[in-house]
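Novice: Just to be clear, the model below is a prediction. Sequence and coordinates:
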Amino acid sequence: MKKLAVLLLVALVIPLIVSCNSDRPVVYVCNWGEYISDGLDDSMDVNREFEERTGIKVVYDNFTSNEDLYAKLKAGGTQYDIIIPSDYMVERLIAEGLVQKINFDNIPNYVNILDEYKNLPFDPNNEYSVPYNVGMVGLIYNTKEVEGVPDSWEILWDQKYSGKILNFKNPRDAFAIAQFALGLNINSTDTKDWDAAAIKLVEQKPLLQMFVMDEVFNKMETGEAILAPYYAGDYFTMAENNPDLAFVYPKEGTNRFVDSICIPANAKNKENAEKYINFLLESDVALANAEYIYYASPNKTVVENPDYLLYQDEITYPSQEVMANTQSFTHLPNELIEYMNRLWSDILMK
Amino acid sequence: MKKYESFPVSPVEKKRRRKRERQAALITSPYLLWMIIFTLIPMIFVVYYAFTDATGAFTINNVKGLLGLEKETQNVIQSGTFIRLDFVKIFWRSMWYGAVATVVCLLIAYPVAYFVSQMRENRQQIIITLVMLPMWMNFILRTYALMKMLEDTGIINTAFTKLGLPVIHMINTPFAVILGMVYNFLPYMVLPIYSVMSKMDYSLIEAAQDLGCNRMRVFTKVILPLSMGGVVSGITMVFVPSVSTFYISQKLGGGTNEMIGDVIERTFLTETNYNVGAAISLVLMILIFICMAVMNRFSEDESQGGSIIV
């Protein structure tokens, strides 16, 4: 009787273990939330489309910030084949050997990428990353509550709007706002510059309603908050729900970032990952994503397509003048990151 | 038990007892294994990380830094704008908010539990189901919903404005955070008190009344001592998660009511500093342990057979 029970148990457990190694090809993807066309509102369900075209199953997961993704990769125990970090994090992952070289022979669609998005400083020889989206930070404001057009980051320190102001809840973005307001280099390696920015953020704290990431949608759409620095692409989503919202690139300049597709060093399905990257660069897929996410596309076939929803849109593809006034994050030395994180912690605990 | 032991035990009985012991060990072994894997070993890791630095060398600076005993030797703004005494402040805030939330929960839950236990059986079941009902919904959703209610443009204030009443600013205040805790953890106070009260021997109350106790004395001399076990486990079940909570303060407290749970989360996920994160967790655990020990000492004489969880 006992033996039978054991046999039964083994018979039950074995398929569970084996099924994890089934023959069906698979690709594990970890992306930002709401950062892929998912089939809502007649859009293309990109992951399902990939499964249909290639027969490779997509296992999809999210991360909420570059730091969060880094923590996941660093801790080990994750098994992703595709990740989409931002520029400075790509640089860090390359430096720490957490991503591997991509075989570009398997990515013929790479020709679709605009030349200006090739050989970027964070991956100068274009070995590890393929640009996915380009974004810029700007100022979102409620036209009913804010007087005039706020053309300076300083408005986020205006007493008049106390309690109605939001700021980023991740250190790099939040510091950048203070650094732009102070006219500092966002990649400064002088700790004094970071101290100055930290003091600026401490000054802002009494006026601040909240540090936000995704809550920004809710707070801005309902009018609970009226001023927030955030990513241009997300402004469109908010404006759909609150027509009083407007967007501006402040005169002090702003941050421009390139989120790029990478393959982690411990990826198990590299070839599938490369197929997935190539698929994301297909013109119809890239178009579907660009129209769903509202971020600027680095894909030639999208940008040059007159039927594209955001074709020559001023916010998504701003003028040369605005573009010239942008800075991109670079990977800071680890000690400086630690220093920044401490300042950040002090600001939040203040 | 003692009387039973004093009888000579027959060999058959001995064998039976040994078998029962073996069965008990077998039955409890999954739980034991669970505790070892998911409680004991992680605890060892927490202690290990708390007392080592990034290179793995032994250090007590992580803990000292938290308690404000050590000024930062490096990485501090020269002007002295920041000193990490902030940790102490946040520990205090967490304990304070947790304590207030626990007291409020107790004040609400005790009468509820008492009156429910006096009701007819089937009505008791309905009320207890209603108490548990919010717990069927996800904790994060509930807190988010509360945020939407308390906002200046939220449901409550919109209704106030419609009625011509002034807007009451509630969100991003200590009040909102404590309300969030009370709302989320109240069932954990009601249930243990109720379960003790519903099993209370009513003849003891009748005896007290027969012997001339007025209602007040019946309560203080009989009902309160008998329900102490439930109160103690209720306090534990509310205080511990309140002190260590991290999501509620982020959503309802804005930027100025950060609690120690938020700091732990950030230290692990944003800073990726496991050593300091573990040190904060360890200090928090010790503080909670001390609170619970003090409380158990207070209630030891009064609670009889009440389950006390530390």
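Specialist: Thanks, I have it.
Novice: Could you list the buried residues of the helix or strand harbouring residue B:159?
Specialist: Element membership of residue B:159 [criterion: DSSP states H and E] is helix B:155-162. By 16 or more other Cβ atoms under 10 Å in any protein chain shown, the buried positions in helix B:155-162 come out as B:156-157. Heads up, the C-betas are built off the backbone N, CA and C, glycines and all.
Novice: Which residues outside that helix are in contact with it?
Specialist: For helix B:155-162, contacts defined as Cβ atoms under 8 Å, 6 or more residues apart in numbering or on different chains pick out B:148-151, B:166-168, B:170.
Novice: Check stretch B:57-67 too.
Specialist: By Cβ under 8 Å, 6+ apart, stretch B:57-67 touches B:50-53, B:70, B:72, B:84, B:87-88, B:91, B:275-276, B:278-280, B:282-283.
Novice: Restrict those residues to the buried ones and give me that as a ChimeraX selection.
Specialist: Buried residues among these (16+ other Cβ under 10 Å), as a ChimeraX selection:
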select /B:50,51,52,84,87,91,275,276,278,279,280,282,283
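Novice: Now, the contacts of stretch B:57-67 that are in helices?
Specialist: B:50, B:87-88, B:91, B:275-276, B:278-280, B:282-283 (DSSP state H).
Novice: one step back: name the nearest of the contacts of helix B:155-162 relative to chain A.
Specialist: When the contacts of helix B:155-162 are compared for distance to chain A (Cβ to the nearest Cβ), residue B:151 wins out at 4.8 Å.
Novice: is it true that the closest one touches residue A:222?
Specialist: Yes. Contact criterion Cβ atoms under 8 Å: residue B:151 and residue A:222 qualify, at 7.0 Å.
Novice: Tell me which of the two has more neighbours.
Specialist: residue B:151 (26 against 16; other Cβ atoms under 10 Å in any protein chain shown).
Novice: The stretch 151-300 of chain A: helices as residue ranges?
Specialist: A:171-182, A:191-204, A:215-222, A:232-241, A:270-280, A:283-293, A:300-303 (DSSP state H, counting those that start in this stretch).
Novice: how about the first one, does it reach chain B?
Specialist: What that stands for is helix A:171-182. Yes. Using Cβ under 8 Å from any Cβ of the partner chain, helix A:171-182 reaches chain B at residue A:171.
Novice: follow-up on the earlier one: just the mean pLDDT for the helix or strand just after the helix holding residue B:159, thanks.
Specialist: Downstream of helix B:155-162, the next assigned helix or strand under DSSP H and E is helix B:174-198. When pLDDT is averaged along helix B:174-198, the result is 95.
Novice: now the helix or strand that comes right after helix B:174-198, how far from the chain's geometric center?
Specialist: Once helix B:174-198 ends, the next helix or strand along the chain (criterion: DSSP H and E) is helix B:202-210. Chain-centre distance of helix B:202-210: 33 Å, with Cα atoms, centre = their mean, to the nearest Å.
Novice: what do you get for stretch B:86-95?
Specialist: Relative to the mean C-alpha coordinate of its chain, stretch B:86-95 is positioned 17 Å out (Cα atoms, centre = their mean).
Novice: Outside of it itself, list whatever touches it.
Specialist: Identification of contacts with stretch B:86-95 by Cβ under 8 Å, 6+ apart yields A:346, A:349-350, B:65-68, B:243-244, B:257-261, B:263, B:280, B:283-284, B:287, B:291.
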